[in-house]
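In: Build the 3D model from these lines:
(one chain, ligands or ions: 3)
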Amino acid sequence: MVSTSSTTENASPTSGNGANPGYLRIAVPNKGALSEAASTMLREAGYRQRDDSKRLTLIDDDNGVEFFYLRPRDIALYVGEGTLDIGITGRDLLHDSGAKADEALPLGFGRSRFRFAGPAGSYTSVEDLAGKRIATSYAGIVDAFLQQRGIEATVTRLDGAVESSIQLGVADVIADVVETGSTLRQAGLEIFGDTILESEAVVITCARREAPSAFETFRRRIEGVLVARSYVMMDYDIRAQDVPAATELAPGLEGPTVSPLHREGWVAVRVMVPREGSQKLMDDLWAIGARAILLTDIHACRL
Ligand SMILES: Nc1ncnc2c1ncn2[C@@H]1O[C@H](COP(=O)(O)OP(=O)(O)OP(=O)(O)O)[C@@H](O)[C@H]1O
Ligand SMILES: O=P(O)(O)OC[C@H]1O[C@H](OP(=O)(O)OP(=O)(O)O)[C@H](O)[C@@H]1O
Ligand SMILES: [Mg+2]
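Out: Numbering: from 1, shown residues only. Ligands and ions are numbered 1, 2, ... in the order given. You can find the predicted model right below:
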């Protein structure tokens, strides 16, 4: 039976301090675009996750881990200070924070681009930003970009709904997270200039000290989830003489497993292949004589 930490209204990020020595302390987004996907990935990696979105901390005794549910924007600060060992946040939030934390592992979800946008047809390049008022929730990223390009402009920091700031007269252009682009379109805005940053959810660690040894187990588990999500297991039967041609098409990660078949001159092959393009690969293998080709999801893996 797994025990859990008590949940009180004033439970703080440090409420577990010292209570569970040796436990890996992990920050997880408590709400917003990354929250659910982060918890889903942690569950797939075998960790316990909260079932009540009001819960602020959770102890997973079986795995020696304590989770702290924090605002995604604050996570880099806690990890950079070394208060928590690792965290899941957005690459853009990490850069914006200026915290002394490092990106340790990209997670492949929460993908977005950080872009400049202005009224449709009004701006074409970042040089047009000179002397303009730029509204953003990510002033750290925008300041660094302008400084790097030697552009003088006024940056106004807003909490959110940045797209409205132009219509409301407090800015000429905005810099914001773009995923589908539909929020921009609805506000009559369009992106211009270079992409400032390509973002996704990432695992971060403290830059000033080595991650605890327990981080290696965590990393292996998460990498296992990433592989299980992006690869499928393929099985097929083929004439032994055609295995080299088939292996060219599907080399696998460490080479295919080839087993004898009762049928004379034939073998069974098992190989991990990228999920993307796997249907085309089945066509190609069929064309060189493979039969009984099966694709199976990988539930979990440790390479
Ligand atoms: N469609 C999206 N909208 C917002 N953020 C997204 C989107 N897709 C991915 N993200 C990422 O999620 C993170 C921001 O999370 P979130 O929106 O929860 O924070 P916030 O905007 O600071 O908080 P809130 O919107 O709750 O005030 C960033 O890393 C961002 O790149
Ligand atoms: O390109 P899209 O798919 O339209 O997504 C991007 C929008 O989503 C985010 O807003 P969020 O919902 O976090 O609200 P906020 O602006 O108040 O943070 C972001 O700030 C953009 O406004
Ligand atoms: Mg937001």
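In: So which bits of the stretch 51-200 of the chain are right by ligand 1?
Out: Pro72, Arg73, Gly90, Asp92, Leu93, Gly110, Ser112, Gly160, Val177, Glu179, Ser199 (CB under 6 Å from any ligand atom). Where you see a C-beta, it was placed from the backbone N, CA and C, and this is true even at glycine.
In: Pull out the buried residues from whatever helix or strand Gln147 lives in.
Out: According to DSSP states H and E, Gln147 maps onto helix 139-149. Buried residues in helix 139-149, counted by 16 or more other CB atoms under 10 Å: Ala139, Gly140, Ile141, Val142, Asp143, Ala144, Phe145, Leu146.
In: Once you drop chain neighbours, what's closest to Gly22?
Out: Beyond its immediate neighbours in the sequence, the residue positioned closest to Gly22 (CB to CB, 6 or more residues apart in numbering) is Gly64, lying 6.6 Å away.
In: phi, psi of that neighbour?
Out: Dihedral pair for Gly64: phi 60, psi 40, per degrees, to the nearest 10.
In: Provide a list of residues in contact with the nearest residue to Arg208 once chain neighbours are set aside.
Out: Using CB to CB, 6+ apart and skipping the chain neighbours, the partner closest in space to Arg208 is Lys100 (5.5 Å). By CB atoms under 8 Å, 6 or more residues apart in numbering, the contact list for Lys100 reads Gly80, Cys206, Ala207, Arg208.
In: pLDDT at the residue of the stretch 101-250 of the chain at minimum distance from ligand 1, what is it?
Out: Relative to ligand 1, the nearest point of the stretch 101-250 of the chain is Glu179 (3.4 Å; CB to the nearest ligand atom). pLDDT, Glu179: 97.
In: State the number of residues packed around the closest residue to Asp60 other than its chain neighbours.
Out: Using CB to CB, 6+ apart and skipping the chain neighbours, the partner closest in space to Asp60 is Arg48 (4.1 Å). Applying other CB atoms under 10 Å, we find 17 residues neighbouring Arg48.
In: Let the chain start at 241 from now.
Out: Let's use 241 as the start, then, which means that last one is Arg288.
In: How much space separates Arg288 from ligand 1?
Out: As judged by CB to the nearest ligand atom, to the nearest Å, Arg288 and ligand 1 stand 22 Å apart.
In: Return the residues in contact with that residue.
Out: For Arg288, the contacting residues are Val242, Leu298, Asp300, Asp302, Asn303, Phe307, by CB under 8 Å, 6+ apart.
In: burial count for the closest residue to the last one other than its chain neighbours?
Out: Closest residue to Phe307 in three dimensions, ignoring its sequence neighbours and counting by CB to CB, 6+ apart: Leu298, at 4.7 Å. Leu298 has 23 neighbouring residues, counting by other CB under 10 Å.
In: and what of the one 3 residues further on?
Out: Around Asp301 there are 15 other residues, counting by other CB under 10 Å.
In: is it true that Glu343 touches Leu334?
Out: Yes: shown here, Glu343 and Leu334 form a contact pair, counting by CB atoms under 8 Å, at 6.4 Å.
In: who has more neighbours, the two?
Out: Leu334 (24 against 14).
In: which non-adjacent residue is nearest Phe349?
Out: Closest to Phe349 by CB to CB, 6+ apart is Ala277, at 4.4 Å.
In: Break this structure into its domains for me.
Out: With domains defined by automatic domain parsing, the chain comprises 264-348+441-452, 352-439, 472-537.
In: Identify, out of those, the most deeply packed stretch.
Out: domain 264-348+441-452 (a mean of 20; mean count of other CB atoms under 10 Å).
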